[in-house]
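Enquirer: Below is the sequence, then the predicted model.
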Amino acid sequence: MLREKSLLMIPGPTPIPPQVAAAMTRPMINHRGEEFSALFAEVSAGLQQVFRTEQPVYIFPAAGSGGWEAALVNTLNPGDTVLSVSVGDFGERWYRAATKLGLTVERLRFEPGEAADPARIAERLAEDRQKQIQAVLVQHNETSTGVTNDVRSIARVVREHGALIMVDSVSGLGALPLEMDAWGLDVVLTGAQKALMCPPGLSLIAFSERARAASERSRMPRFYWDLEAVHKSYLKRQTPYTPAISLYYALQASLRLIQAETLEGVWARHRLMGAMCRAGVKAMGLTLLAQDEATASDTCTAVVSPVDPKAVRKVARERLGVQLAGGQADLADKIFRIGHMGYTVPGDVLQALAATEMALALCGYPVEIGRAVAAAQEVWMRDLHG
Ligand SMILES: Cc1ncc(COP(=O)(O)O)c(C=O)c1O
């Protein structure tokens, strides 16, 4: 086996295009010079298009989780109540971050595989007549369960109440439709290492005017994440501290690819890959963790494994050259996940399904080789015929 050639089908970090890899080899430049300002301006404009916002998108050298902290410390006050809507492990982690930061966090949890029900959120917010709840936190796409929340409907009910709506779109933005301004989202955050086709290391975040106004009243301690500092620098096309220049080059290259494909084209490709993957999984007779087609994720598919998922993944990785992801937290022994986002094409989904079928067969589970691939091919053919 040529081990160097392995197909990375995990939901982040995702493969990077050769243009992005090459861009990162460029020499360093003065981060206070004109060349950097031009790079900053292009990347900022490109990000605004992907976030669908006219607000600035700020770039922090950080993992995606940093965005959770940036969102909270810039808009809230110690002890404030926030409603954490959680449909999986990343919802739980944001909940823990908010708790550690000294907020009063109320949790509204949904079963693994379920999406958040906007009606239940509306119900809880309607009970809050004193308007204690200052913000609602929600994942756009819950990577641990392969579920996409209906952020648009959730935003509508949150705005009726008046709280800020903060959206973690780490595994959604740049792959799944999200309209920051049109849907009235107050904070949207993401990471570079998923749909944006870059290596890990950048946290990207935008604030609505309402969130910016809240930031002026917010007294949470902050230095690294301080919106005021980062905004002041933004106006000069700079950052308050040394930017991750190589990753800016990477982002410039990936945003150019997104522009060439068009964002709508990128969304359509992900819609197709999601549908192909789910059709393939069902054709194998397996169960999807996200049962509802309307809220099943088009960037990541979680599959209930009929045999030890660790064994399936090991065989896929070591004998078939395809890397699948495991489950997180309580789902570790129950599921495996197939990522299909970013620099990924329908042909990669076929390969991932082929490897999944073969790995299951090699683990002793009775699958008919070829059925999953054929089902996914049919979906692709239907798409090609329009
Ligand atoms: C939905 C979601 N939120 C947050 C994160 C955290 O990102 P990071 O690992 O870059 O901190 C992830 C990472 O997979 C994610 O999928």
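Expert: Alright, I've got the coordinates.

Enquirer: near the ligand, which residues of the stretch 1-150 of the chain show up?
Expert: Contact residues (CB under 6 Å from any ligand atom) of the stretch 1-150 of the chain with the ligand: 12, 63-65, 90, 139, 143. For glycine as for every other residue, the C-beta is placed from the backbone atoms N, C-alpha and C.

Enquirer: Tell me the helix or strand right after the one helix or strand Val281 maps to.
Expert: Using DSSP states H and E, Val281 falls within helix 263-283. Sequence-wise, the next helix or strand downstream of helix 263-283 (DSSP H and E) is strand 287-288.

Enquirer: what are the ranges of the strands in the stretch 251-386 of the chain?
Expert: 287-288, 300-304, 322-323, 325-326, 335-339 (DSSP state E, counting those that start in this stretch).

Enquirer: mind putting the ones you listed in a markdown table, mean pLDDT and mean neighbour count included?
Expert: Output for the strands of the stretch 251-386 of the chain, formatted as a markdown table (pLDDT from 0 to 100; neighbours: other CB atoms under 10 Å):
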| stretch | mean pLDDT | mean neighbour count |
| --- | --- | --- |
| strand 287-288 | 98 | 17 |
| strand 300-304 | 98 | 27 |
| strand 322-323 | 98 | 20 |
| strand 325-326 | 98 | 19 |
| strand 335-339 | 98 | 26 |
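
Enquirer: tally of neighbours for the spatially closest residue to Arg237 that is not a sequence neighbour?
Expert: The shortest distance from Arg237 to any non-neighbouring residue, by CB to CB, 6 or more residues apart in numbering, is to Ser37 (3.8 Å). By the measure other CB atoms under 10 Å, the count of residues near Ser37 is 14.

Enquirer: what kind of secondary structure is Ser37 in?
Expert: Secondary structure, DSSP: H, G, I helix; E, B strand; the rest coil: Ser37 is helix.

Enquirer: swap in Gln55?
Expert: Assignment for Gln55 (three-state DSSP): coil.

Enquirer: distance of it from Leu101?
Expert: According to CB to CB, to the nearest Å, Gln55 and Leu101 sit 23 Å apart.

Enquirer: in what helix or strand does Ile59 lie?
Expert: strand 57-61.

Enquirer: Which residue, other than its chain neighbours, is closest to whichever residue of the stretch 251-386 of the chain sits closest to the ligand?
Expert: Going by CB to the nearest ligand atom, the ligand is nearest to Cys300 of the stretch 251-386 of the chain, at 8.2 Å. Nearest residue to Cys300, sequence neighbours excluded (CB to CB, 6+ apart): Pro11, at 3.9 Å.

Enquirer: and what of Arg109?
Expert: Per CB to CB, 6+ apart, closest to Arg109 is Ser86, 4.8 Å.

Enquirer: List the residues that contact Lys282.
Expert: Shown in contact with Lys282 (CB atoms under 8 Å, 6 or more residues apart in numbering): 288, 375.

Enquirer: make it 6 Å
Expert: Listed by CB atoms under 6 Å, 6 or more residues apart in numbering, Lys282 has no contact partners.

Enquirer: what does the one 10 residues further on give?
Expert: Neighbouring residues of Asp292 by CB under 6 Å, 6+ apart: there are none.

Enquirer: Minimum distance to the ligand, which residue of the stretch 151-300 of the chain gives it?
Expert: Using CB to the nearest ligand atom, Val170 is the residue of the stretch 151-300 of the chain that sits closest to the ligand, at 3.5 Å.

Enquirer: is it true that that residue touches Gly64?
Expert: Yes. Val170 is within contact range of Gly64, at 4.2 Å (criterion: CB atoms under 6 Å).

Enquirer: Same drill for these two, tell me which one is more crowded.
Expert: Val170 (29 against 24).

Enquirer: In this structure, what residue comes closest to the ligand?
Expert: For the chain, CB to the nearest ligand atom, closest residue to the ligand: Gly64, 2.8 Å.

Enquirer: isn't that residue right next to Ser169, touching?
Expert: No. Look at Gly64 against Ser169 with CB under 6 Å: they stay out of range, at 9.5 Å.

Enquirer: Centroid-nearest residue for this structure?
Expert: The chain has Ser171 as the residue nearest its centroid, 1.3 Å off, counting by CA atoms, centre = their mean.
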